[in-house]
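Student: turn this into a structure:
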Amino acid sequence: MSNSTRFHGSRSARRVGVAALAVALVTGVTAAGGAVPEASAGPDRPELRQAVQSFVDAGFAGVQLRVHDERGDWVTSAGVRELGGTAKPPTNGRFRIGSATKTFTATLLLQLVAEGRVGLDAPVADRLPRFGLDRRITARMLLQHTSGVFNFTGEYYPDGTVVPGIPWQGKEWVDLRFHTYQPDELVRLALARPARFEPGTDWSYSNTNYVLARLLIEEVAGRSYAEEMKRRILRPLGLRGTVVPGASPEIPGPHAHGYHRYEDGGQWQTVDVTRQNPTWISSAGDMISTTEDLRTFFSALQSGKLLPAPLLAEMRTPHPRSEGLFGRYGLGLYVQDTGPDCVGTLLNHNGSVNGYAALMYSTPDGSRTLTASITTGDAENNPAAEFPQALNRLLDVVFCRG
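Tutor: Modelled structure (predicted):
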């Protein structure tokens, strides 16, 4: 069985360039060479070091990786922390996790469902009447991407048609990267566009769903999204390196730099976008974390520490029409079947924003995890073409031969 068969859905390769799941992976990255990295913790694992180096060889600027399995934690980094320098990315570095934020948001809303404070299949319009939502839209549909609501970062159709939303790449985004968007503003922009389909009749990834989920959390909990996240997840799990940044453009603590490469007037430009106002993606992808915190969170979730078993089962039940690069989509996470030669079921939610990408994988019992950050730079080639192969190689080492 090939790596591609193990880890990719049938529509994998052609979704990388357009899906919101891979925003930053296709917007320009760097070829940072260098020696194969040294492991910074645990016994030497050359097969993992080589798999990490394959991302750098493909053109990504830097990588930091954490694997947790029966041998304990193993961490390493490769590439460069900043263009023009030689230092590697810090293995304890903070980074923007992009759409991995969605798993945090989904968990938060499902905790409120578990307490009976909101119904998973109740009309969202009853709690958020100001938007005039279709009454068929439920919390489940928001978390599963089956609401049909327009994606405020743009809709991409199989025939190549693109219906643009807010700027999220190129010179227009660079010029606006410190602009503050309000969650209501993003929702209203989306609702002003035609729905992609009738609620519950199909599946399509839409960041708008998770901004609506944030607003639903705030309405039900009576607290801000950031406060509720700290109270229910970050503090109980001791996630001291994880931040809900709001409009702050900073990445607190040690971190690698991320870059955005784009064409303007026939000339290619590279801009350091480490500092950016993440309100443009809001609760669909704004959080900052570390590989250690992501491991702690995802392992706790999968081992049943954050949700009761029935809701965790709901979370892991994918929609049949949602097959893509990272598996099929449940409620805030992807479910992959890796086959009999590997671990069987594999759960994940990766993410990206301009400059940064994150990987977050776990077995169903939370005992084996992979978390990583990948930073982009100024390579003339487009590493997105090599990303699936590099990812498959890494997953194969950790969840098959590993």
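Student: show me the helices in the protein, by range?
Tutor: 3-7, 12-15, 46-58, 101-114, 139-144, 170-175, 183-191, 207-221, 225-229, 235-237, 291-302, 309-315, 387-396 (DSSP state H).
Student: worst mean pLDDT among these?
Tutor: Sorting these by mean pLDDT places helix 12-15 lowest, at a mean of 32.
Student: least confident secondary structure element in this structure?
Tutor: Lowest mean confidence among the helices and strands of the chain (mean pLDDT, DSSP states H and E): helix 12-15, at a mean of 32.
Student: pipe the helices of the chain into TSV and attach distance to Glu250 and mean neighbour count per row.
Tutor: C-beta coordinates here come from the backbone N, C-alpha and C atoms, glycine included. Putting these into TSV (distance: least, CB to CB, whole Å; neighbours: other CB atoms under 10 Å) gives the following:
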stretch	distance to Glu250	mean neighbour count
helix 3-7	35	18
helix 12-15	32	16
helix 46-58	26	20
helix 101-114	17	24
helix 139-144	29	25
helix 170-175	18	15
helix 183-191	20	18
helix 207-221	21	24
helix 225-229	15	20
helix 235-237	21	13
helix 291-302	17	24
helix 309-315	32	16
helix 387-396	28	22
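Student: nearest to Gly160, out of the ones you listed?
Tutor: With CB to CB as the measure, helix 12-15 is the member of the helices of the chain nearest Gly160 (10.6 Å).
Student: as CSV, the helices of the chain with distance to Ala78 would be great.
Tutor: Below are those laid out as CSV (distance: least, CB to CB, whole Å):
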stretch, distance to Ala78
helix 3-7, 20
helix 12-15, 24
helix 46-58, 5
helix 101-114, 25
helix 139-144, 35
helix 170-175, 27
helix 183-191, 36
helix 207-221, 30
helix 225-229, 31
helix 235-237, 28
helix 291-302, 13
helix 309-315, 33
helix 387-396, 12
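Student: which one of these lies closest to Gln276?
Tutor: For the helices of the chain, the distance to Gln276 is smallest for helix 170-175, at 8.9 Å, taking CB to CB.
Student: and the gap between Asp175 and Asp264?
Tutor: Distance check for Asp175 against Asp264: by CB to CB, to the nearest Å, it reads 10 Å.
Student: also Phe297?
Tutor: Counting by CB to CB, the separation of Phe297 from Asp264 is 38 Å.
Student: Leu346 contacts Thr363, correct?
Tutor: Yes: taking contacts as CB atoms under 8 Å, Leu346 lies within contact range of Thr363: 6.7 Å.
Student: strands of the chain, start to end?
Tutor: With DSSP state E applied, the chain shows strands at 62-69, 72-79, 95-96, 155-156, 162-163, 259-264, 267-272, 288-289, 328-329, 334-337, 345-348, 351-353, 356-362, 369-375, listed in chain order.
Student: just say which of those is most tucked in.
Tutor: Mean neighbour counts were taken over these using mean count of other CB atoms under 10 Å, and the top value, a mean of 30, falls to strand 95-96.
Student: tell me the strands beside that strand, with direction?
Tutor: Strand 95-96 has these partner strands in its sheet, going by DSSP bridges: strand 288-289 (antiparallel).
Student: and the partner strand, how far out from the chain middle?
Tutor: Mean-position distance between strand 288-289 and its chain equals 11 Å (CA atoms, centre = their mean, to the nearest Å).
Student: could you do stretch 89-102 as well?
Tutor: Mean C-alpha position of stretch 89-102 versus that of the full chain (CA atoms, centre = their mean) differs by 9 Å.
Student: and for stretch 151-163?
Tutor: For stretch 151-163, the distance between its averaged C-alpha position and the chain's averaged C-alpha position is 19 Å (CA atoms, centre = their mean).
Student: next: stretch 211-220.
Tutor: Centre to centre, stretch against its chain (CA atoms, centre = their mean), the figure for stretch 211-220 is 19 Å.
Student: kindly report the same for stretch 352-365.
Tutor: Averaged C-alpha coordinates place stretch 352-365 at 5 Å from its chain's average position (CA atoms, centre = their mean).
Student: what do you get for stretch 224-241?
Tutor: With CA atoms, centre = their mean as the basis, stretch 224-241 stands 18 Å off its chain's centre.
Student: could you dump the strands of the chain into CSV with distance to His145 added?
Tutor: Written out in CSV, the entries for the strands of the chain read as follows (distance: least, CB to CB, whole Å):
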stretch, distance to His145
strand 62-69, 28
strand 72-79, 33
strand 95-96, 21
strand 155-156, 12
strand 162-163, 17
strand 259-264, 26
strand 267-272, 31
strand 288-289, 22
strand 328-329, 6
strand 334-337, 11
strand 345-348, 15
strand 351-353, 14
strand 356-362, 18
strand 369-375, 23
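Student: now do the contacts for Cys290.
Tutor: No Cys there; residue 290 is Thr. Remark: with contacts taken as CB atoms under 8 Å, 6 or more residues apart in numbering, Thr290 is in contact with 92-95, 241-242.
Student: got a pLDDT number for the residue lying closest to Tyr157 once chain neighbours are set aside?
Tutor: Leaving aside its sequence neighbours, Tyr157 sits nearest to Val163 (CB to CB, 6 or more residues apart in numbering; 7.8 Å). The predicted structure scores Val163 at 95 on the pLDDT scale.
Student: which residues does Val163 bridge with?
Tutor: Listed by DSSP bridges, the beta-bridge partners for Val163 are Glu155.
Student: tell me how far it lies from Phe150.
Tutor: Distance of Val163 to Phe150, given as CB to CB: 8 Å.
Student: what of Lys88?
Tutor: From Lys88 over to Phe150 the distance is 41 Å, taken as CB to CB.
Student: cool, Gly366 as well?
Tutor: From Gly366 across to Phe150, the span is 35 Å (CB to CB).
Student: for Gly351, same thing?
Tutor: As it turns out, when the distance is counted by CB to CB, Gly351 lies 20 Å from Phe150.
Student: what's the answer for Ala51, then?
Tutor: When distance is defined by CB to CB, Ala51 is 38 Å away from Phe150.
Student: touching, Glu386 and Val56? I think so.
Tutor: No: taking contact to mean CB under 8 Å, the distance of 10.8 Å between Glu386 and Val56 leaves them out of contact.
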